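A.B. asks: Give me the fold of what follows.
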Amino acid sequence: MTKEPMKETNVALPEVKRRKRKVPEKISFKYLAYDINHLEKKKERRGGTLYIVSPYKLLISDDNYYLLAFDDEKHKMLTFRLDRMKDVKRLIGIPREGEEEFYKLDMTTYTQRNINMYGGKEERVTIQCVNYLLDTVIDRFGLKDVHYAKVDPDHFNVSVRVGISDQFYGWLLGFGRRMKLVSPQSAVDDFKAYVDKIRELY
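C.D. replies: Numbering: from 1, shown residues only. Presented below is the predicted three-dimensional model:
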């Protein structure tokens, strides 16, 4: 039995519609903070002035959720706690910014050095530690773009970029004489002033 040659057909095929690539947009929101006079009700930061940011990623740290976003005013990546964001609105038609800054980030490193240290001006510091704190320091700062060096048989130095803040100084203080901030001198002087302020309370 011979096969008939395949015949052409004029049946119209359905058109395949291409989806337009959705352009991510900026959002606006009010950011809340606690008020000692009304702990049950948070107040709006900056007098209720809207924050306008370009959202990128949700992060979790210590059971808290954070939005990683490019801040239009400060022109850098920041984190905001989700439970403190109010009246979140998508700014339709306003494309987000900061893509280059986002793709520069190493997320593990960013979380270790910024969320857990509550931000602050980022600066490279050198800290001298007793040897048995090495695992603790690596757990905190990791190994990427961090420099470790032996100082003497009992100590090592770690050079790392951190968010300079009272929380960072408090973290240092928690190790007492086992950890010493070595440089830069501006941070050392600031840390001394931080310790003096605490001493004045007692």
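A.B. asks: my guess is residue 60 contacts residue 79, does it?
C.D. replies: No: applying C-beta atoms under 8 Å, one finds residue 60 not in contact with residue 79, separated by 11.1 Å. (Each C-beta comes from the backbone N, C-alpha and C, glycine too.)
A.B. asks: quick one: which of these two has more around it?
C.D. replies: residue 79 (20 against 11; other C-beta atoms under 10 Å).
A.B. asks: Quickly find the element holding the more buried one.
C.D. replies: Element membership of residue 79, judged by DSSP states H and E, is strand 76-81.
A.B. asks: contact partners of the lengthiest helix in the chain?
C.D. replies: Using DSSP state H to assign secondary structure, the helix with the most residues in the chain is helix 185-199. Contacts with helix 185-199, where a contact means C-beta atoms under 8 Å, 6 or more residues apart in numbering, come from 123, 125, 164, 166, 169, 172, 173, 181, 182.
A.B. asks: out of those, which are buried?
C.D. replies: If you count burial by 16 or more other C-beta atoms under 10 Å, the buried members of these come out as 125, 164, 169, 172, 181.
A.B. asks: elements contacting the strand holding residue 79?
C.D. replies: strand 51-61, strand 64-71, helix 99-104 (3 or more C-beta pairs under 8 Å, 6 or more residues apart in numbering; DSSP states H and E).
A.B. asks: Tell me what angle that strand forms with strand 51-61.
C.D. replies: Taking axes from the mean of the first three to the mean of the last three C-alpha atoms, to 10 degrees, strand 76-81 and strand 51-61 form an angle of 70 degrees between their directions.
A.B. asks: Quick one: mean pLDDT for strand 76-81?
C.D. replies: Model confidence over strand 76-81 averages 87 on the pLDDT scale.
A.B. asks: tilt between that strand and strand 64-71?
C.D. replies: Here strand 76-81 runs at 150 degrees with respect to strand 64-71, directions being taken by the same axes, to 10 degrees.
A.B. asks: show me the contacts for residue 23.
C.D. replies: Contact partners of residue 23, counting by C-beta under 8 Å, 6+ apart, are residue 95.
A.B. asks: Surely residue 94 is within a strand?
C.D. replies: Yes: residue assignment for residue 94, taken from DSSP: H, G, I helix; E, B strand; the rest coil, places it within a strand.
A.B. asks: just for the protein, where's the confidence low?
C.D. replies: Low-confidence regions of the chain, defined here as pLDDT under 70, cover residues 1-21, 35-36, 38-40, 62, 112-120.
A.B. asks: Which of the contacts of helix 185-199 fall in helices?
C.D. replies: For the contacts of helix 185-199, membership in helices holds for 166, 169, 172, 173, with DSSP H as the criterion.
A.B. asks: could I get the residues you listed as JSON lines with distance to residue 142?
C.D. replies: Conversion of these to JSON lines gives the following (distance: C-beta to C-beta, whole Å):
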{"residue": "166", "distance to residue 142": "23"}
{"residue": "169", "distance to residue 142": "21"}
{"residue": "172", "distance to residue 142": "18"}
{"residue": "173", "distance to residue 142": "22"}
